[in-house]
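Participant: predicted model follows, preceded by the sequence.
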Amino acid sequence: MHSLSFKLLCLTGVAFVFFLLYTFTAAGTIQGLDSGEYVTVAVSGGIAHPPGYPLYTLVCRAAQKLIPFGNPVYRGSLVSALAGACTLFLISLTAVVISGSIIHGIVCASLVGFTPLFWTYSTIPEVFTGATFVFSAVVAGSIRIIVDDRLKPSWFILLGCAFALGIAHHHTIILSAPIIFFAFLHLFRVHGLSKKTLQNTALFCIFSLLGFVPYLILIGRSGSWTWGTINSLHDLADHFLRKEYGTFSLSKGKLSAGITENVRMFFSVFVRQFSIPIVLAFLASVVFFKSLPRRVFQIQISLLSTFIFAGPLFAVAMKVKPVGFTRFIVERFYLAPFVIASIAISTSMYFAAQHFFNRQLKTILLLALAAIGCSNGIGQVRSSHWTLLQDYVKNCFAVIPHRSIVMLSSDSEFGGFLYMQEVQKLRTDVTVISPPLLRKTWYCRLLQKKHPDLELNAEQFKIQPDETNIALVNALNPSWPLFLTPSFENNKGIRLYFKKILPFKAVLLKIAQYDTGKIDLPSLEKELLHSFKQCTINSFPRSEKEAESRVEYDVYLNYGRTLHFLGDLYEENGALQDSRRCKTYALKMAEPWLKQ
């Protein structure tokens with residue numbers, strides 16, 4: 001038997017190797033979704049969208065100050081890389097606590113560490129790898145309690161501290177509730193309703209409440225970008241509870257509408273991340289659950305319960321249809337259940353191999369399964385990230401005139417434009433607006449603070465749909481050219497409202513007064529072709545499949561949306577052959593145009 005120090009040294013070495021891998025492939029340019037906002041807040045000292053993520057903001061801000069190399073995005077990516085490596089250390093340590101085997105720990109870390117989803121979020125500035133780290137800390141603490149009957153008060157203090165970190169970081173820590181329940185169930189079985197039980201429960205609750213303390217730093221906080229105005233505890237409570245913004249408010253449809261799609265997508269991604277051989281091996285080992293040692297069986301039941309709660313049930317509760325770009329919004333929440341799955345899968349396979357094979361064959365089998373996981377991940381992860389979003393923002397800024405207004409329609413666009421303006425100080429004369437936020441008084445005030453001569457009245461926007469608010473901004477500011485990004489091409493309401501939209505400079509849609517019957521569409525197509533050739537695109541996906549795997553997929557689609565709209569204009573004029581040609585190009589995105 002190896003000593004505890006030797007085991008810790010081996011597991012630390014494994015985590016360090018993953019940290020080096022993640023560091024080598026960390027993003028150095030802004031990526032999609034919310035990463036632009038997080039880096040901007042870390043640099044400027046503002047407030048991120050609800051619930052504010054105070055712990056993540058503090059850590060990223062410290063990284064910006066302390067790391068002497070790299071740009072702000074790369075420093076934020078290093079925070080995710082460290083969180084990812086620490087997550088793997090914790091789950092491998094958990095595996096060793098369960099079985100006592102270093103091989104078990106290495107297999108556990110390899111199963112999830114090489115999955116494309118975990119690798120991606122360990123190499124970009126996002127909160128979800130950090131959320132997975134604190135989730136893993138809670139899981140490790142709970143299992144430590146379950147495997148031992150001594151039930152020291154210090155274990156419950158550490159479990160409470162881990163849960164507090166989760167509260168201060170991300171609401172998804174609540175998904176660890178089932179395994180915490182099993183930890184306290186074990187406490188009750190051993191000691192009953194005794195003084196020790198009440199004492200340990202009180203310690204956990206008291207230290208868990210410390211997780212609310214970091215939120216106090218958000219009161220009165222200011223910066224170049226602050227989501228909302230937090231001047232009181234009431235404002236802070238509203239921000240923490242996500243009353244203005246949240247995953248559960250992304251879809252207003254009935255719960256039953258997305259159940260099938262969400263469950264199917266969850267298990268589809270699960271199989272794709274872990275590979276079919278590993279999933280089949282796990283299903284085969286489940287048959288031998290009853291032959292597991294009693295304590296290991298209890299652990300597996302607690303892990304599977306947490307997996308179901310944090311995975312399929314939570315996916316259904318979000319009510320967000322996992323299609324198109326919203327698929328990336330949903331997928332981020334799969335990291336926590338996938339970490340649980342890696343512990344459960346490796347544990348089942350370890351004890352099944354121990355039951356049927358001798359020590360040498362067991363080690364070879366487990367390492368072979370870990371190798372399958374490695375090959376599954378390495379084959380899908382590139383050594384660099386796209387510059388697609390950064391290129392897109394620069395291309396947009398390159399063609400719009402001084403003192404213009406740009407309307408955005410996706411999180412990726414918003415984060416990209418925000419970072420390039422507030423951190424890189426590029427084209428600060430341009431007003432970039434997210435139409436849904438126009439209904440917020442604080443947002444209109446923030447825009448007017450940056451551009452005092454801009455006419456915005458939040459009261460007028462509060463009850464209006466996005467298309468009406470866009471028209472209102474245009475009417476209130478006639479001297480400011482107004483542009484829409486191509487994402488609006490998919491919005492039927494806006495397309496019906498704005499029947500006079502002209503594709504402009506390939507990457508923007510400009511509102512203009514014109515009669516479509518009098519537009520010289522061949523000349524417009526020629527202008528678009530010329531504009532595409534002027535675009536600076538340093539990285540472009542080699543195929544649609546590759547594009548679909550990245551969080552910048554929505555930005556990639558923008559290049560084709562302009563072409564698709566041009567096809568609609570041809571169709572309105574009866575030029576069906578020209579319409580089909582443009583729409584064919586649109587399906588293949590901008591690649592055929594760029595090669596001409």
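Facilitator: Arrived safely. Numbers count the residues shown, from 1 in each chain.
Participant: what does stretch 202-217 rub up against?
Facilitator: 51-52, 54-55, 58, 153, 156-157, 159-161, 163-168, 184, 236, 240 (Cβ atoms under 8 Å, 6 or more residues apart in numbering). Any C-beta I mention is one placed from the backbone N, CA and C, and that applies to glycine too.
Participant: take the residues you listed and keep only those in helices.
Facilitator: When DSSP state H defines the helices, the subset of the contacts of stretch 202-217 inside them is 54-55, 58, 153, 156-157, 159-161, 163-168, 184, 236, 240.
Participant: tell me which stretches of the stretch 251-400 of the chain form helices.
Facilitator: With DSSP state H, counting those that start in this stretch, the ranges of helices along the stretch 251-400 of the chain come out as 259-274, 276-286, 294-308, 314-318, 326-331, 335-356, 359-378, 388-399.
Participant: worst average pLDDT in those?
Facilitator: Mean pLDDT is lowest for helix 359-378 out of the helices of the stretch 251-400 of the chain, coming in at a mean of 62.
Participant: please pick the buried ones from the contacts of stretch 202-217.
Facilitator: Buried by 16 or more other Cβ atoms under 10 Å: 51-52, 54-55, 156-157, 159-161, 163-168, 184, 236, 240, out of the contacts of stretch 202-217.
Participant: next helix or strand past the top helix by length along the chain?
Facilitator: Under DSSP H, the helix in the chain containing the largest number of residues is helix 72-99. As assigned by DSSP states H and E, the chain's next helix or strand after helix 72-99 is helix 102-113.
Participant: pLDDT on that following helix, on average?
Facilitator: Mean predicted lDDT for helix 102-113 stands at 86.
Participant: so which elements touch the helix or strand encompassing Ala62?
Facilitator: Element membership for Ala62, per DSSP H and E: helix 54-66. Contacts defined by 3 or more Cβ pairs under 8 Å, 6 or more residues apart in numbering; DSSP states H and E place helix 54-66 against helix 35-44, helix 72-99, helix 128-146, helix 153-169.
Participant: Tyr392 is nearest to which of the ones you listed?
Facilitator: helix 35-44 (11.8 Å; Cβ to Cβ).
Participant: between helix 72-99 and that closest one, find me the angle.
Facilitator: 100 degrees (axes from the mean of the first three to the mean of the last three Cα atoms, to 10 degrees).
Participant: what lies in contact with helix 35-44?
Facilitator: If you take Cβ under 8 Å, 6+ apart as the criterion, helix 35-44 is touched by 27, 30, 46-49, 53, 56-57, 60-61, 63-64, 72-73, 76, 124-127, 223-225, 389, 412, 414-420, 422-423.
Participant: buried ones only from these, please, as a ChimeraX command.
Facilitator: Buried residues among the contacts of helix 35-44 (16+ other Cβ under 10 Å), as a ChimeraX selection:
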select :27,30,46,47,48,49,53,56,57,60,61,63,64,72,73,76,124,125,126,127,224,225,389,412,414,415,416,417,418,419,420,422,423
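Participant: re the thing from before, how about the longest helix of the chain, which residues are buried there?
Facilitator: In helix 72-99, counting by 16+ other Cβ under 10 Å, buried: 72-99.
Participant: test my guess that Ala83 contacts Ala137.
Facilitator: No: counting by Cβ atoms under 8 Å, Ala83 does not reach Ala137; the two are 10.9 Å apart.
Participant: mind listing what's buried along stretch 442-453?
Facilitator: Trp442, Tyr443, Cys444, Leu446, Leu447, Gln448, His451.
Participant: and the residue lying closest to Gln421 once chain neighbours are set aside, what pLDDT?
Facilitator: Leaving aside its sequence neighbours, Gln421 sits nearest to Thr428 (Cβ to Cβ, 6 or more residues apart in numbering; 5.7 Å). pLDDT, Thr428: 88.
Participant: Ile143 too?
Facilitator: Confidence score, pLDDT, at Ile143: 92.
Participant: for it, what are its contacts?
Facilitator: Thr94, Val97, Ile98, Ile179, Ala183, Ile299, Ser302 are the contacts of Ile143 under Cβ under 8 Å, 6+ apart.
Participant: including distance to Thr115, could the residues you listed go into TSV?
Facilitator: Formatted as TSV, the contacts of Ile143 follow (distance: Cβ to Cβ, whole Å):
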residue	distance to Thr115
Thr94	17
Val97	22
Ile98	21
Ile179	21
Ala183	27
Ile299	22
Ser302	22
